[in-house]
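# With the sequence up front, the predicted model follows.
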Amino acid sequence: GQQLNQSPQSMFIQEGEDVSMNCTSSSIFNTWLWYKQEPGEGPVLLIALYKAGELTSNGRLTAQFGITRKDSFLNISASIPSDVGIYFCAGQKRTQGGSEKLVFGKGTKLTVNP
Amino acid sequence: NAGVTQTPKFQVLKTGQSMTLQCAQDMNHEYMSWYRQDPGMGLRLIHYSVGAGITDQGEVPNGYNVSRSTTEDFPLRLLSAAPSQTSVYFCASSYPGLRVGNYGYTFGSGTRLTVV
């Protein structure tokens, strides 16, 4: 099946530091999404990217849709303890049958030390 | 607005037992999906539906059945549970289309299933 390579797998940082994580794929996607999952909860959408080259911010979060449509990155600036969680990238594309499916990366587990 | 509701939140089954994981959404979303989440594996698609009466297999469909008789509900059935099906299951729904404003999938809070 389709694979999204997400890195790093985990990060341990100090409060106030900036964070960067990325996803790459051998396939082209029409939409890139970034989700955050907190313990015991389902993933929650952070940022959605719809066009190649698009750079979008949501507070301290910034994400970009790669020009080749095969990659995306997420940056978190000035991290705080509540940023702790697992961050997932997801690529969305329309299949030949007209339906749409999300393909997820394996996640980046972020730990922020106060 | 409840969003996506999954029940039960926790379940323990014996090998060979059957059960149904419930999923309901009140956002009139056409697309609904089931994912399983295992440590180090991310989220893997089990089955999905593009509308009432239409379902299709995802990446890991074996051992699971689905049906979609209404827009709101998308139950996932385990006919004969196996220890390999121990996992956290998430239901998700979405509007169709890749247009701007379609903010991807909305997820439920998950069902944690243990098969012993």
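Thanks, I have the structure now.
# now do the same end-to-end measure for stretch A:71-82.
26 Å (Cα to Cα, to the nearest Å).
# list the buried ones in that stretch?
When burial is assessed from 16 or more other Cβ atoms under 10 Å in any protein chain shown, stretch A:71-82 yields the following buried residues: A:71, A:72, A:73, A:74, A:76, A:79. (Each C-beta comes from the backbone N, C-alpha and C, glycine too.)
# Where does the closest residue to residue B:54 other than its chain neighbours sit: helix, strand or coil?
Closest residue to residue B:54 apart from its sequence neighbours, by Cβ to Cβ, 6 or more residues apart in numbering or on different chains: residue B:68 at 6.6 Å. Taking DSSP: H, G, I helix; E, B strand; the rest coil as the rule, one finds residue B:68 in the coil state.
# OK, contacts around residue B:68?
By Cβ atoms under 8 Å, 6 or more residues apart in numbering or on different chains, the residues touching residue B:68 are B:32, B:49, B:51, B:52, B:53, B:54, B:55, B:74.
# Would you mind finding the longest strand in chain B?
What stands out as the longest strand in chain B, according to DSSP state E, is strand B:42-51.
# Buried residues of that strand, list them for me.
Buried residues in strand B:42-51 (16+ other Cβ under 10 Å): B:42, B:43, B:44, B:45, B:46, B:47, B:48, B:49, B:50.
# and the residue of chain B nearest chain A?
residue B:107 (3.3 Å; Cβ to the nearest Cβ).
# Quick check: which element contains the nearest residue to that residue once chain neighbours are set aside?
Closest residue to residue B:107 apart from its sequence neighbours, by Cβ to Cβ, 6+ apart: residue A:42 at 3.3 Å. For residue A:42, there is no helix or strand it lies in under DSSP states H and E.
# Show the contacting residues for residue A:42.
With contact set as Cβ under 8 Å, 6+ apart, residue A:42 has these partners: B:4, B:90, B:92, B:107, B:108, B:109, B:110.
# Ok, residue A:65 next?
Applying Cβ under 8 Å, 6+ apart to residue A:65 gives the contacts A:32, A:49, A:50, A:51, A:52, A:53, A:54, A:55, A:72.
# at 6 Å what do you get?
Residue A:65 sits next to A:32, A:49, A:52, A:54, A:72 when contact means Cβ atoms under 6 Å, 6 or more residues apart in numbering or on different chains.
# Show the pLDDT at it.
pLDDT recorded at residue A:65 is 95.
# Quick check: the gap between it and residue A:24.
Distance check for residue A:65 against residue A:24: by Cβ to Cβ, to the nearest Å, it reads 13 Å.
# so how far is stretch B:109-116 off the chain centroid?
What separates the centre of stretch B:109-116 from the centre of its chain is 12 Å, taken as Cα atoms, centre = their mean, to the nearest Å.
# tell me which residues of that stretch are tucked away?
For stretch B:109-116, the neighbour count (16+ other Cβ under 10 Å) marks B:110, B:111, B:113, B:115 as buried.
# which residues of the chain score low on pLDDT?
Using chain A here. A:1-2, A:95-100 (pLDDT under 70).
# think we crossed wires, I meant chain B
Along chain B, segments meeting pLDDT under 70 span B:1, B:96-103.
# center of it - which residue?
For chain B, the residue nearest the mean C-alpha position is residue B:34 (2.5 Å; Cα atoms, centre = their mean).
# Helix, strand, or coil at it?
Classification of residue B:34 by three-state DSSP places it in strand.
# bridging residues for it?
The partner list for residue B:34 in beta bridges (DSSP bridges) reads residue B:47, residue B:91.
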